[in-house]
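Asks: structure, please.
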Amino acid sequence: MMYYSPKKLALVILTCLIGLLFCVPNFISRPQFKIPWHQIHLGLDLRGGSYLLLQVDLDTLTKDRLQTLGDNIRQTLISKNLGYKNIQYSEKKHNVTFNLRSPSEKEPVLSALRTMPQAVVNEFNVTAEPNDQITLTLSPTAMQKRGAEAIIQSIEIVRRRIDAIGAVDPSITQQGTNRIVVQLPGISDPDHVKQLLGTTAKMTFHLLDETATNPDFPPPSVTFLPMNEDNTRKLPIRDHIEVDGAELTSANAGLNNETGEYAVNFSLDTAGAQAFANVTRANLHKPFAIVLDNKIITAPVIQSPITGGQGQITGHFTAQQATDLALLLRAGALPAPLKIVEERSIGPSLGADSIKAGGISLAVGFALVIVFMLVFYGRFGFYADIALFANLILMCAILSLFEATLTLPGMAGMLLTLGMAVDANILINERIREEVRNGRTPLSALQTGFNRALGTIIDSNVTAFLSHVMLFIFGTGPVRGFALTITIGIVTTAFTTLGLSWILIIRWYALVRPKELPI
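Replies: Purely as a prediction, here's the structure:
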């Protein structure tokens, strides 16, 4: 361990210089020309902003899937000239039940239902009851898989909506099995964001049932939904979806040429355009409702077939409402509603105070450690201080490279890392000092002291590393930031202590060849 080749020395110094290069973007403005530019992002507690904890309503997901399953049952049986009666849904039991029209149709009905397409493998089971009742039950495994897919899809849609409003450095992560954490640095008023994220934006097109008149007793497959502008006015909507909003390819806010009011212009993909043309061609002079989140936006009368796959949504919108609706439609509908479980707002002034306090504590702690090492270990303490400074640079470089978000617990982790970083140097220096007292020569004291301290250093760093990795895996929020910072610090500490500071000591000894060690 008392010899390092020039290549190893060059490699250590080059690593430190590269680390310094990665730290530079945190202190200067981004240049005009395009180059990789990675920075450490400040968390909510340092920069101010909004924190939202959202919960995906998986019960609604089950309800919607049962409704779709019921529609598929109707269409499948009607297409094969098979009958049914008394179709019912049970969200608690996760099943759809109906009675046979005739016992003789039992086998054809079961055969037809088992050939229905399933969104997930083995999504439902078909069973026949003794009283001519057929039951389709959603399997728990399939529902868990759909729930997991819904969480992933919700995160992606939330990200699109957040990106569309121009939020800088948002953090959108999953928590647990059905929750999403949204952190928006720099946005201290979350009302607009809450409105966007709380809207499912599920848009569908339906025909009206003009024979239904009593909202208290709707006919089968008909639901009375309120108008968006007037909740007291309800129209009978057929449950069958003629055109799904998922088939939209674009949506933009604009003006209605006839009324001058704000509207949303949309375009459909090929399949949606074909379905739109078919339904408008077959239902001339009938009302056609546009439904958004179980509210009727508008229900115009079809005057002529719409074959171009383009349309316009009107509804006495303001400019902001039209823009928001277009944004929601472009981002896509959430698979299930999101409920806001928790929200916090941190003002920028509090964030500035936190940065100042954290910066002062970091600077004071760093200065005290440097002074301590100089006073107690002299030249060797000076080399330890150089390694400590390189350690801080490498930590910042790694955080910058991965564009990590720095929080107050993260700053505390950096300060604690700097305190821990000198432990290894103290162990080495004290071992060397002990060997000098035992009468060893300088070279022998250096070699023996380092070798005897090395095992302890490795053991302590490995145990600390593993414990903080576990803390990062199982922790949440600020705890993970604290654990991540210390984990990175342990790696950089091992490099700077066993690499840089020890190389400096060896190079000094090789050049000076002292008769006594200044320790």
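
Asks: which ones are touching Leu418?
Replies: Contacts for Leu418 were tallied using CB atoms under 8 Å, 6 or more residues apart in numbering; they are 362, 365-366, 369, 388, 391-392, 489. All C-beta atoms are positioned from the backbone trio N, CA, C, and that covers glycine.

Asks: which SSE is it in?
Replies: Assigned by DSSP states H and E, Leu418 belongs to helix 408-437.

Asks: tell me what the next helix or strand after that helix is packed against?
Replies: Downstream of helix 408-437, the next assigned helix or strand under DSSP H and E is helix 442-474. If you count contacts as 3 or more CB pairs under 8 Å, 6 or more residues apart in numbering; DSSP states H and E, helix 442-474 packs onto helix 408-437, helix 478-495, helix 502-512.

Asks: what residues of the second one count as buried?
Replies: For helix 478-495, burial by neighbour count (16 or more other CB atoms under 10 Å) applies to 478, 480-490, 492-495.

Asks: the shortest one too?
Replies: For helix 502-512, burial by neighbour count (16+ other CB under 10 Å) applies to 502-506, 508.

Asks: how close does Arg437 get to Arg431?
Replies: Distance, Arg437 to Arg431, by CB to CB, to the nearest Å: 11 Å.

Asks: higher neighbour count, those two?
Replies: Neighbours around Arg437 and Arg431, counted as other CB atoms under 10 Å, are more numerous at Arg431. The numbers are 20 against 9.

Asks: that one is in contact with Ala453, isn't it?
Replies: Yes: judged on CB atoms under 8 Å, Arg431 makes contact with Ala453 at a distance of 4.4 Å.

Asks: need the contact list for Leu338.
Replies: Applying CB under 8 Å, 6+ apart, we find Leu338 in contact with 54-57, 154, 158, 180, 197-198, 200.

Asks: can you select the buried ones from these in PyMOL?
Replies: In PyMOL, selecting the buried portion of the contacts of Leu338, with burial taken from 16+ other CB under 10 Å, looks like this:
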select buried, resi 54+55+56+57+154+158+180+197+200
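
Asks: in strands, which of the contacts of Leu338 appear?
Replies: The subset of the contacts of Leu338 located in strands under the criterion DSSP state E comprises 54-56, 180.

Asks: closest to Ala322 out of these?
Replies: The shortest separation between Ala322 and any of the ones in strands among the contacts of Leu338 is 25.0 Å, and it belongs to Leu54 (by CB to CB).

Asks: for that closest one, give its distance to Arg480.
Replies: In this view, Leu54 and Arg480 are 19 Å apart by CB to CB.

Asks: quickly list the domain ranges of the protein.
Replies: Structural domains annotated on the chain: 6-45+349-512, 58-144, 199-344, as defined by automatic domain parsing.

Asks: between those, which one is nearest to Ile162?
Replies: Of the domains of the chain, nearest to Ile162 by CB to CB is domain 199-344, at 9.2 Å.

Asks: next helix or strand past whichever helix or strand Leu20 is part of?
Replies: Secondary-structure assignment from DSSP H and E places Leu20 in helix 6-23. The element immediately downstream of helix 6-23 (helix or strand, assigned by DSSP H and E) is strand 41-42.

Asks: okay, now the sheet partners of that following strand, with direction.
Replies: For strand 41-42, the paired strands and their directions (DSSP bridges) are strand 405-406 (parallel).

Asks: relative to the whole chain's centre, how far out is the strand it pairs with?
Replies: Its chain's C-alpha centre and that of strand 405-406 lie 15 Å apart, by CA atoms, centre = their mean, to the nearest Å.

Asks: okay, strands next: where are they in the stretch 51-200 of the chain?
Replies: 84-90, 95-100, 124-128, 133-138, 171-175, 179-185 (DSSP state E, counting those that start in this stretch).

Asks: most tightly packed of those strands?
Replies: Among the strands of the stretch 51-200 of the chain, the stretch with the highest mean neighbour count (mean count of other CB atoms under 10 Å) is strand 179-185, at a mean of 22.

Asks: other SSEs contacting that strand?
Replies: Against strand 179-185 (3+ CB pairs under 8 Å, 6+ apart) you get helix 44-47, strand 49-56, helix 140-164, strand 171-175, helix 191-198.

Asks: could you list the residues in contact with the last one?
Replies: The contact list for helix 191-198, computed with CB under 8 Å, 6+ apart, reads 50, 52, 54, 158, 161-162, 165, 167, 182, 184, 187, 324, 327-328, 337-340, 343.

Asks: likewise the fourth one?
Replies: Residues outside strand 171-175 that contact it (CB under 8 Å, 6+ apart): 53, 151-152, 155, 158-159, 162, 180-183, 405, 476.

Asks: which one of those sits closest to Trp37?
Replies: Comparing the contacts of strand 171-175 against Trp37 with CB to CB places Thr405 closest, at 16.5 Å.

Asks: from Ile428, how far off is the closest one?
Replies: When distances are taken as CB to CB, Thr405 and Ile428 turn out to be 34 Å apart.

Asks: tell me which of those two has more neighbours.
Replies: For the pair Thr405 and Ile428, the greater number of neighbours falls to Ile428 (27 against 20), based on other CB under 10 Å.

Asks: excluding its backbone neighbours, what's nearest that one?
Replies: Distances taken as CB to CB, 6 or more residues apart in numbering place Ala453 nearest to Ile428, at 4.6 Å, with adjacent residues excluded.

Asks: kindly report the same for Gly186.
Replies: In space, not counting the residues next to it along the chain, Gly186 is nearest to Gly49; the distance is 5.3 Å by CB to CB, 6+ apart.

Asks: can you report how many residues lie near that neighbour?
Replies: By the measure other CB under 10 Å, the count of residues near Gly49 is 27.

Asks: again with Leu408
Replies: With neighbours defined by other CB under 10 Å, the count for Leu408 comes to 20.

Asks: picking that back up, in JSON lines: the helices and strands packed on strand 179-185, plus mean pLDDT.
Replies: Formatted as JSON lines, those follow (pLDDT from 0 to 100):
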{"stretch": "helix 44-47", "mean pLDDT": "73"}
{"stretch": "strand 49-56", "mean pLDDT": "86"}
{"stretch": "helix 140-164", "mean pLDDT": "85"}
{"stretch": "strand 171-175", "mean pLDDT": "85"}
{"stretch": "helix 191-198", "mean pLDDT": "78"}
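
Asks: which of these is buried the deepest?
Replies: helix 44-47 (a mean of 24).

Asks: show me what the helix or strand bottoming out on mean pLDDT in the chain is packed against.
Replies: The helix or strand with the lowest mean pLDDT-type score in the chain, counting by mean pLDDT, DSSP states H and E, is helix 44-47 (a mean of 73). Counting contacts by 3+ CB pairs under 8 Å, 6+ apart, helix 44-47 packs against strand 179-185, strand 338-346, helix 348-401, helix 408-437.

Asks: turn these into TSV, including mean pLDDT and distance to Asn131.
Replies: Rendered in TSV, the data for these read as follows (pLDDT from 0 to 100; distance: least, CB to CB, whole Å):
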stretch	mean pLDDT	distance to Asn131
strand 179-185	86	42
strand 338-346	82	39
helix 348-401	84	66
helix 408-437	85	62
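
Asks: which of the ones you listed sits closest to Ile306?
Replies: Closest approach to Ile306 among the helices and strands packed on helix 44-47 is made by strand 338-346 (32.4 Å; CB to CB).

Asks: so which bits of that closest one are buried?
Replies: Buried, per 16+ other CB under 10 Å, within strand 338-346: 338, 345-346.

Asks: try stretch 447-456
Replies: Under the neighbour-count criterion of 16+ other CB under 10 Å, stretch 447-456 has 447-450, 453-454 buried.
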